[in-house]
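Enquirer: Pasting the sequence and the predicted coordinates here, then a few questions.
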Amino acid sequence: MQLITAEERDRLLAGCQREAVHLELRDSYAMANEAERLAAFLATGRRDDDPNAPDRRYWLDLIRSVTQSGRRVRRARIVSEPVTEYIRYEWAGTQGNIDAGEEVRWLPRRLASAIALPGNDFWLVDDSTVVFSVFTGRGEIAERQLVTDASVLELCRSGFEAVWLRPYLTTSTRRIDQPVPARSPSARFTPAGDPARGPADGPGAGRGLRLALHQGQQAGERQAEPER
């Protein structure tokens, strides 16, 4: 195990030969470069996602440099329910990632119980190098660990693929067309494989994130579901 910087991690991503995948396990983060944007979102419910903003442009340019050359970047997020304010903030900003070429999927934590996963977020590059992001309890980055041990690589690879291919995965495709739903104390992600809403793949799948708001309705009743 070797400690590396964010810049060294980014060079690994830029130099990937085939694919980089990222798994996020936390429900909130406290990244310094997001503080102002997050505060504005919490105050207004809207997110300013100018792709040319200094805290966005560097990352989106990096992702475009990878995806526009035919390499793949996939990101999966495991989230608790009700969703946190930070997850709502992430969701509101995901379109920029998608437009840059990332593929993004979300999995409710209740559907991840049987998946063997590492203890920390990670980037896996070409199935040959993993970089773990270790956070403090407050959500600040503590260190980044580069690992090449074969057993660790396999744990990360198999865990990510299990999340990615989960039958009831809620997916983000190429559009998030409507505003983030109003805050609900009991917001729940709805499985994309729910037969009442259509399959995760195939006709009707390319409409983005799905979030059903259950606010004390009777069993069997359904609230209107915004298509993202």
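Expert: On my side now, so go ahead.
Enquirer: mind listing the helices for the protein?
Expert: 6-14, 35-44, 54-67, 85-99, 150-164 (DSSP state H).
Enquirer: from these, which stretch is densest packed?
Expert: By mean neighbour count, with neighbours taken as mean count of other CB atoms under 10 Å, helix 85-99 ranks first of the helices of the chain at a mean of 20. Where you see a C-beta, it was placed from the backbone N, CA and C, and this is true even at glycine.
Enquirer: relative orientation of that helix and helix 35-44 in degrees?
Expert: Per axes from the mean of the first three to the mean of the last three CA atoms, to 10 degrees, the angle that helix 85-99 makes with helix 35-44 is 110 degrees.
Enquirer: Leaving out the residues flanking it, which one is nearest to the residue most central in space within the chain?
Expert: For the chain, the residue whose C-alpha lies nearest the mean C-alpha position (CA atoms, centre = their mean) is residue 77; its distance is 3.7 Å. Leaving out its chain neighbours, the residue that sits closest to residue 77 by CB to CB, 6 or more residues apart in numbering is residue 24, at 4.5 Å.
Enquirer: Quick check: the one you found vs residue 160, distance?
Expert: Using CB to CB, to the nearest Å, one gets 11 Å for the distance from residue 24 to residue 160.
Enquirer: shared neighbours of these two, which are they?
Expert: Taking CB atoms under 8 Å, 6 or more residues apart in numbering as the criterion, residue 24 and residue 160 both touch residue 76.
Enquirer: give me every residue that touches residue 156.
Expert: 23, 118, 122, 124, 130.
Enquirer: repeat for residue 27
Expert: Applying CB under 8 Å, 6+ apart, the residues contacting residue 27 are 79, 80, 83, 84, 86, 87.
Enquirer: gap between it and residue 129?
Expert: 27 Å.
Enquirer: With residue 5 instead?
Expert: 15 Å.
Enquirer: repeat for residue 50
Expert: 32 Å.
Enquirer: Compare these two (neighbour count), which wins?
Expert: residue 129 (17 against 11; other CB atoms under 10 Å).
Enquirer: State the pLDDT value of the nearest residue to that one once chain neighbours are set aside.
Expert: Nearest non-adjacent residue to residue 129, counting by CB to CB, 6+ apart: residue 148, 5.7 Å away. pLDDT for residue 148: 98.
Enquirer: Residue 148 touches residue 131, doesn't it?
Expert: No. Using CB atoms under 8 Å, residue 148 makes no contact with residue 131, being 10.4 Å away.
Enquirer: out of the two, which sits in the more crowded spot?
Expert: residue 131 (25 against 11).
Enquirer: Contacts only, for that one.
Expert: 4, 9, 12, 122, 123, 125, 144, 145, 146, 147.
Enquirer: Select, from the residues you listed, the two members most distant in space.
Expert: Distance extremes for the contacts of residue 131: the farthest pair is 125 and 145 at 13.6 Å, using CB to CB.
Enquirer: So which of these two has more stuff around it?
Expert: residue 125 (23 against 17).
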